[in-house]
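> Sequence plus predicted model, see below.
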Amino acid sequence: MKRSTIDLWVGIFVAIGIAAVTFLALKVANLTPQSSDSTYTLYADFDNIGGLKVKAPVKSSGVVVGRVSAVTLDTKRYVAHVALTLDNRYRFSRDTSAEILTAGLLGEQYVGLTQGGDDVNLKAGDTLAITSSALVLEQLIGKFMTSFGEKGGDSHAASAAK
Amino acid sequence: MLETLLFPFRHIGHLTVNAIWRLGFACRFLFAVLKASGQCFTRFGLVVREMYFAGVLSLIIIIVSGLFVGMVLGLQGYNTLARFGSSDALGALVALSLLRELGPVLAALLFASRSGSAMTAEIGLMKATEQLDAMAVMAVDPLARVVAPRFWAGILSMPVLAALFNVMGILGGYLVGVVMIGLDSGTYWSQMNNSVDLHFDVVNGLIKSLVFGIAVTLIAVFEGYDATPTAAGVSSATTRTVVTSALVILALDFILTAFMF
Amino acid sequence: MSSDPFIEFRNVSFAYSGRPILKNINLRIPRGKLVAVMGGSGSGKTTLLSLISGQNRAQHGQVLVDGRDVGQMTGRELYEHRRRMGMLFQFGALFTDLSVFENVAFPLREHTRLQESMLRDLVLLKLNAVGLRGTQELMPAELSGGMSRRVALARAIALDPQLMLYDEPFTGLDPISLGVISLLIRRLNQALGTTAVMVTHDVHKSLDIVDHVYFVANGEIVAEGTPEQVRASELPWVHQFVYGEADGPVHFAYPTSTSLADDLNLGDVNHA
């Protein structure tokens, strides 16, 4: 095997490796801005975050604008304190509301932002004032069962009266 | 009577002492190789030559196996996901299982049986035919000239092979999921995009493959250098390389996974 | 013998994991001479070579090469020593992954910074010296046993060594190749003026070319002399070795403490 042939093949090999890593980085992974230069952080407090996880997407009108970067419990008020890392390109007004939504019936949970009408935009480190908590399925079913049980009791009582 | 009762314990003790002795020996060997590695970087041609044998010649097996593993993941993943009505998540399933576990582990196992065993056999035969002695007598350190280039070539080749394995697997999953079964191509990629994180999944997977590369190549060159210089010795050293590599890869994978994810 | 020894062994003993291989060896090899060390298999003669090349170190005594003790050398000094030394291994030990040209060029590439054209000329000269110019593109697997031994010889003399060591250079060769190799060894010794030590058990071929012979048996030097003295020797051991007799001071049978009848359990038959 000639030296130049070996060099050529190893060159191709390394190029394939670089191409593969680039493919994985760009096409497979979401190359969201990582550096702090191009992102800013907002906070939001929720009564209940349900199944929200760190790295869950933050969407506005369905467009991913950032990620959940931290979830902590505020031990004074006992609410969930969620840090949202947002892309610098997207700015939101002071009265923007945040809610925790679910993709599909059983899908992953994400934070939805709805732009308000205020002219002044939120700055880095601000806290979103208007939030609504996650819909927790058990509580939903529980409420439904309670109301269903009341109705069922009524009909039972009605039939007994006959 | 007591002898027969004590025999199993004595045997276990012997095996343990032997294993620890070899581990220590391998560590010293690693330091010796690192110390003798200077020449590899001034004469990089030596490493390039070994990368040809370790890396380029493994391309075919990595590409074909990657493709098939991806296709199997696509089929099995679809069957399971469809039962829960979430076949859209196929892209995420294929990409995550490959990037985090299957890619680095399977590529390393293939690398150990394809290139690791070849390295052991080559170095072992060089020892058996006095080529290493001849080199030493010519005032050339066999560790620097024979072992170190192979060591570094293996370490450099492994992440490339693992990345290629991942890409082929993801394409294999695409082939089955999108082309054969008819899922939406956009969903396949966007689901993948949403769930795969560059640092968390891609980079950690590559770190894994780098660690496996170091382990497999060290085992391969150590077994070769340590082989009994006979035909039987070289063949049992080659077997030991494949077996030890497989065990070490899986054990390391568990440890790394516990730390990373 | 000459008073200017190039290699000198002074009371050298060597044991391998407790088993003595060489016992109290004393020998002097003069500069520029071709000396053979003969002995049966396992007599310790290859170990003697490895003490000169520094692959093993003597536990007792001194191995002096050009006035310096090989056993006391540091790693760097040992490499310096080996750069002035060439060694022909028993089966050549060519690098099977390199071509004939690269094999001969190997020591030159490792130890010198020659230009490629000059390196090529040197390699061709060395190959020409062993009569194999024209084989440089072949791989070692394509060579016959005799040819690969000659390529290995060309590689060993690539750096024009002051000292040549030959480990069983005649083993496994047909008579013609054997003649070629012995001629080359003799010619190289005369042309380059190197001191050469040859370990062999091929009596007749080596007696034709060497200046002096040492006989080693059981780790000791049992006899020495010029080829003429050896051929005429009355010592029973030397006579047996030189003329290849099956029985003599060296017994045909391996020494055992039991008799054949005992080993075959024939004794029991009588008792029964």
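Received the coordinates, thanks.

> The closest residue to A:Val71 other than its chain neighbours: what's it in contact with?
Distance criterion C-beta to C-beta, 6 or more residues apart in numbering or on different chains; nearest residue to A:Val71, sequence neighbours excluded, is A:Val82 at 5.4 Å. Bear in mind the C-beta positions are built from the backbone N, C-alpha and C, glycine included. The contact partners of A:Val82, by C-beta atoms under 8 Å, 6 or more residues apart in numbering or on different chains, come to A:43-46, A:49, A:52, A:68, A:70-71, A:111.

> doesn't A:Val82 fall inside a helix?
No: using DSSP: H, G, I helix; E, B strand; the rest coil, the assignment for A:Val82 is strand, not a helix.

> Can you name the residues bridging to it?
Following DSSP bridges, A:Val82 is listed with bridge partners A:Ala44, A:Val71.

> Output the residue of the stretch 51-200 of chain C whose distance to chain A is smallest.
Nearest residue of the stretch 51-200 of chain C to chain A, counting by C-beta to the nearest C-beta: C:Asp97, 9.5 Å away.

> do the same with the stretch 51-200 of chain B
Closest residue of the stretch 51-200 of chain B to chain A, C-beta to the nearest C-beta: B:Val160 (3.1 Å).

> Provide the secondary structure category for that residue.
helix.

> Would you mind measuring from it to A:Val14?
Remark: distance between B:Val160 and A:Val14 (C-beta to C-beta, to the nearest Å) = 7 Å.

> who's more crowded, the two?
Counted by other C-beta atoms under 10 Å in any protein chain shown, B:Val160 and A:Val14 do not tie: B:Val160 has more neighbours, with 28 against 17.

> Next up, the contacts around the more buried one.
Taking C-beta under 8 Å, 6+ apart, we find B:Val160 in contact with A:13-14, A:16-17, A:20, B:55.

> and what of A:Phe13?
By C-beta under 8 Å, 6+ apart, the residues touching A:Phe13 are B:51-52, B:55-56, B:59, B:157, B:160.

> Quickly check these for the two that are furthest apart.
For those, the maximum inter-member distance is 12.6 Å, found between B:Tyr52 and B:Val160 (C-beta to C-beta).

> before we move on, back to that, of the contacts of A:Val82, which is the nearest to C:Ser233?
A:Ala70 (94.5 Å).

> hang on, that closest one packs against A:Val54?
Yes: under the criterion of C-beta atoms under 8 Å, A:Ala70 makes contact with A:Val54 at 6.4 Å.

> pLDDT of stretch C:115-123, averaged?
Stretch C:115-123 shows a mean pLDDT of 91.

> Can you give me the buried ones in it?
Residues of stretch C:115-123 classed as buried: C:119, C:122-123 (neighbour count, 16 or more other C-beta atoms under 10 Å in any protein chain shown).

> Find me whatever residue is spatially closest to B:Thr244, sequence neighbours aside.
The shortest distance from B:Thr244 to any non-neighbouring residue, by C-beta to C-beta, 6+ apart, is to B:Ile219 (5.2 Å).

> in which helix or strand would I find that neighbour?
B:Ile219 belongs to helix B:204-226 when assigned by DSSP states H and E.

> just checking, next helix/strand downstream of that helix?
Next helix or strand after helix B:204-226 toward the C-terminus (DSSP H and E): helix B:231-260.

> For that next one, buried residues please.
Buried residues in helix B:231-260 (16+ other C-beta under 10 Å): B:234, B:237-238, B:240-242, B:244-246, B:248-249, B:252-253, B:256.

> Tabulate the CA atom coordinates of stretch C:143-157 in CSV.
As requested, C-alpha coordinates have been extracted for stretch C:143-157 and formatted as CSV (Å, rounded to 0.1, in the frame of the first residue of the first chain):
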residue,chain,number,x,y,z
LEU,C,143,11.0,-14.0,-0.2
SER,C,144,12.6,-17.4,0.4
GLY,C,145,14.1,-18.2,3.7
GLY,C,146,17.7,-17.7,2.4
MET,C,147,16.7,-14.4,0.8
SER,C,148,15.0,-13.0,3.8
ARG,C,149,18.1,-13.9,5.9
ARG,C,150,20.2,-11.9,3.4
VAL,C,151,17.8,-8.9,3.6
ALA,C,152,18.0,-9.1,7.3
LEU,C,153,21.8,-9.0,7.0
ALA,C,154,21.6,-6.0,4.8
ARG,C,155,19.4,-4.3,7.4
ALA,C,156,21.8,-5.2,10.2
ILE,C,157,24.8,-3.6,8.4
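
> How about residues contacting that stretch?
B:134, C:86-89, C:91-94, C:100, C:103-104, C:106-107, C:126-127, C:129-132, C:135, C:140, C:164, C:169, C:172-174, C:176-178, C:180-181, C:184-185, C:188, C:192.

> SS state for C:Leu49?
From three-state DSSP, the assignment for C:Leu49 is helix.

> which stretches of chain A aren't confidently modelled?
Along chain A, segments meeting pLDDT under 70 span A:1, A:30-37, A:104-107, A:151-162.

> For chain B, what's its nearest residue on it.
A:Gly17 (3.1 Å).

> Quick check: that residue is in a helix.
Yes: the assignment for A:Gly17 by three-state DSSP puts it in a helix.

> ok, now which ones touch it?
Taking C-beta under 8 Å, 6+ apart, one finds B:159-161, B:163-164 in contact with A:Gly17.

> quick one: A:Ala103 from C:Ala58, how far?
In terms of C-beta to C-beta, A:Ala103 sits 79 Å off from C:Ala58.

> A:Asp119 now?
94 Å.

> between the two, who's got more neighbours?
Each of A:Asp119 and C:Ala58 has its neighbours counted (other C-beta under 10 Å); C:Ala58 has more, 22 against 6.

> That one is in contact with C:Ala15, isn't it?
No: contact criterion C-beta under 8 Å: C:Ala58 and C:Ala15 do not qualify, at 9.7 Å.

> can you list the residues of chain B near chain A?
B:45, B:48-49, B:51-52, B:55-56, B:59, B:86, B:95, B:99, B:157, B:159-161, B:163-164, B:166-167, B:170, B:189, B:192-194, B:196-202, B:206 (C-beta under 8 Å from any C-beta of the partner chain).

> From those residues, list the buried ones, please.
In these, burial by neighbour count holds for B:48-49, B:51-52, B:55-56, B:59, B:86, B:95, B:99, B:157, B:159-161, B:163-164, B:166-167, B:170, B:189, B:192-194, B:196-198, B:201-202, B:206, counting by 16+ other C-beta under 10 Å.

> Look up the closest residue to the most centrally placed residue in chain C, ignoring the ones flanking it.
Nearest to the mean C-alpha position of chain C, counting by C-alpha atoms, centre = their mean, stands C:Asp167 at 2.7 Å. Excluding its sequence neighbours, the residue lying closest to C:Asp167 (C-beta to C-beta, 6+ apart) is C:Gln90, at 5.0 Å.

> Next, C:Ile29: secondary structure please.
Counting by three-state DSSP, the backbone at C:Ile29 sits in strand.

> got the contact list for it?
With the criterion set at C-beta under 8 Å, 6+ apart, C:Ile29 makes contact with C:5-8, C:35, C:195, C:197, C:212.
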